[in-house]
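Requesting a structural model of the entry that follows:
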Amino acid sequence: MKRLFFIIPIFLYVALPACKKAAGPADGNSVQPNNNLDSTAAMNATINGRNWKADSAFGYYINYSGNDSGVINLEIIATQSNNDTLSTIIFNITNYTGPNVYTINPPVNTATYYIGNNRFYADSGVITVTADTAYAITGTFHFTVDTFRITNGTFNVALP
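Down below sits the predicted model:
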């Protein structure tokens, strides 16, 4: 019995350091405030003269399923929460080829503006992708939906 009093502390002394959490990958890319490598993940615009700033902005590549054509679509989604009202801007660019000027011409390239559950489709406008770097996609936009005029738009989202 006396041996257990000596063996248990020695066992704990050896076993407890093995419970240390392993460090995460040090070479991963992260979204950090404008370090000229990573995206600041933002979208801003002026909607009918009022400033609109997204709380979150994300970009997604969408590949065609069951088809190896290499055609890729780009979707950018940004959402703002203001006094319990959500508003969202969504861009869909068909056959995304990198930096270019993409004219809004539904159903090919679309811009949609949501206020709560109300959806408004753009009938005219332009999405300009100015840079597609190893870390981010940046650009500008303007479009008109119903009675809303969205101007001076900029986006900077992490590379999907």
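
quick one: the helices in the chain?
Residue ranges of the helices in the chain, as given by DSSP state H, are 2-15.

Tell me which stretches of it form strands.
Counting by DSSP state E, the chain forms strands over residues 42-47, 50-53, 56-63, 72-82, 85-93, 100-103, 109-115, 118-121, 124-132, 136-145, 148-158, given from the N-terminal end onward.

So for residue 10, which of these sits nearest?
When the strands of the chain are ranked by distance to residue 10, counting by CB to CB, first place goes to strand 148-158 at 49.7 Å. The C-beta positions use only the backbone N, C-alpha and C, and glycine is treated the same way.

between the closest one and strand 136-145, how many degrees?
Between the direction of strand 148-158 and that of strand 136-145, the angle (axes from the mean of the first three to the mean of the last three CA atoms, to 10 degrees) works out to 170 degrees.

Pull out the buried positions in strand 148-158.
With burial defined by 16 or more other CB atoms under 10 Å, the residues of strand 148-158 counted as buried are 150, 153, 155, 156, 157, 158.

thought the third one was touching residue 57?
Going back to what we said before, that points to residue 155. Yes - A contact is recorded between residue 155 and residue 57 when judged using CB atoms under 8 Å, the distance being 6.3 Å.

Leaving out sequence neighbours, find the closest residue to residue 146.
Distances taken as CB to CB, 6 or more residues apart in numbering put residue 120 closest to residue 146, at 4.7 Å, once the chain neighbours are dropped.

Roughly how far does the one you found sit from residue 8?
Shown here: residue 120 relative to residue 8, a distance of 70 Å by CB to CB, to the nearest Å.

what about the two, which has more around it?
Each of residue 120 and residue 8 had its neighbours counted (other CB atoms under 10 Å), and the higher figure belongs to residue 120 (16 against 10).
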